[in-house]
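Visitor: structure for this input, please:
(one chain, ligands or ions: 1)
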Amino acid sequence: MVNSPVLKACEQTEIDLSGAADWEPFDAPALVGDSLRFVSGDSRGDRFRARYYRDAEKHLHARFWLGPEAEGPPGHAHGGAVAAIMDEALGLAAWAAGYPIVVGNLNVSFRNMLPLKKVVTVESRVVSVEGRKIMVHGRIFRGDKTFAEAQCLCITIPGR
Ligand SMILES: CC(C)(COP(=O)(O)OP(=O)(O)OC[C@H]1O[C@@H](n2cnc3c(N)ncnc32)[C@H](O)[C@@H]1OP(=O)(O)O)[C@@H](O)C(=O)NCCC(=O)NCCSC(=O)Cc1ccccc1
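Guide: As a prediction, this is how the structure comes out:
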């Protein structure tokens, strides 16, 4: 049961996570199952709310909203919350490109503090494939402000 008035207000608020006109909704759980629930599994939660999309070139995008439960510095996202988004979104980008992977290495640069209760966009791109090593780059931004950038080395799972 939620007791805090701040959290109650969030739970009751619809957040607009709609995508750009040329994006198609992407059913991430259908591809990778429950392993996404840590970050994006609770569409009415007070930590993360997310929706995934793919553009015409099949690049993965996401709209994310971070609520009060993701707080680090006052009013802003915890670094671990930002890293968790990168881990999920960039790993998922590799899966969506056809590579069943786990993340082997994730390098996150925190460029600006990310405000809570604002919708931000995550963009991602598979930049190289070398044997089992899939390199994915990503960025979290809103308008012309970048909050974080990441390089994610994904390793394909043998036998998948
Ligand atoms: C599987 C592996 C990553 C690699 O082990 P093995 O199979 O024994 O393979 P091996 O060690 O032979 O490496 C192959 C090649 O790769 C290279 N390389 C490897 N690592 C690194 C590195 N760190 N840095 C640099 N390079 C590295 C290595 O040098 C080699 O290169 P080479 O061919 O010689 O040129 C293992 O360490 C592991 O399970 N780690 C835990 C992963 C984990 O728990 N992740 C978190 C959960 S997943 C998640 O949350 C995301 C998610 C989101 C959405 C949806 C789904 C998931």
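
Visitor: can you name the residue of this structure nearest to the ligand?
Guide: The ligand sits closest to residue 91 of the chain, with a gap of 2.6 Å, by CB to the nearest ligand atom. Every C-beta, even on glycine, is put in place using the N, C-alpha and C of the backbone.

Visitor: for the helix or strand hosting that residue, packing partners?
Guide: Taking DSSP states H and E as the criterion, residue 91 maps to helix 79-96. With contacts taken as 3 or more CB pairs under 8 Å, 6 or more residues apart in numbering; DSSP states H and E, helix 79-96 sits against helix 28-32, helix 37-40, strand 48-54, strand 60-66, strand 101-110, strand 119-130, strand 133-142, strand 145-156.

Visitor: hmm, back to that, and the closest residue to the residue of the chain closest to the ligand other than its chain neighbours, how many neighbours does it have?
Guide: Counting by CB to CB, 6 or more residues apart in numbering, residue 103 is the residue found nearest to residue 91 once chain neighbours are left out, at 4.9 Å. For residue 103, the count of nearby residues is 17 (other CB atoms under 10 Å).

Visitor: how about the contacts made by residue 103?
Guide: By CB atoms under 8 Å, 6 or more residues apart in numbering, the residues touching residue 103 are 87, 90, 91, 152, 153, 154, 155.
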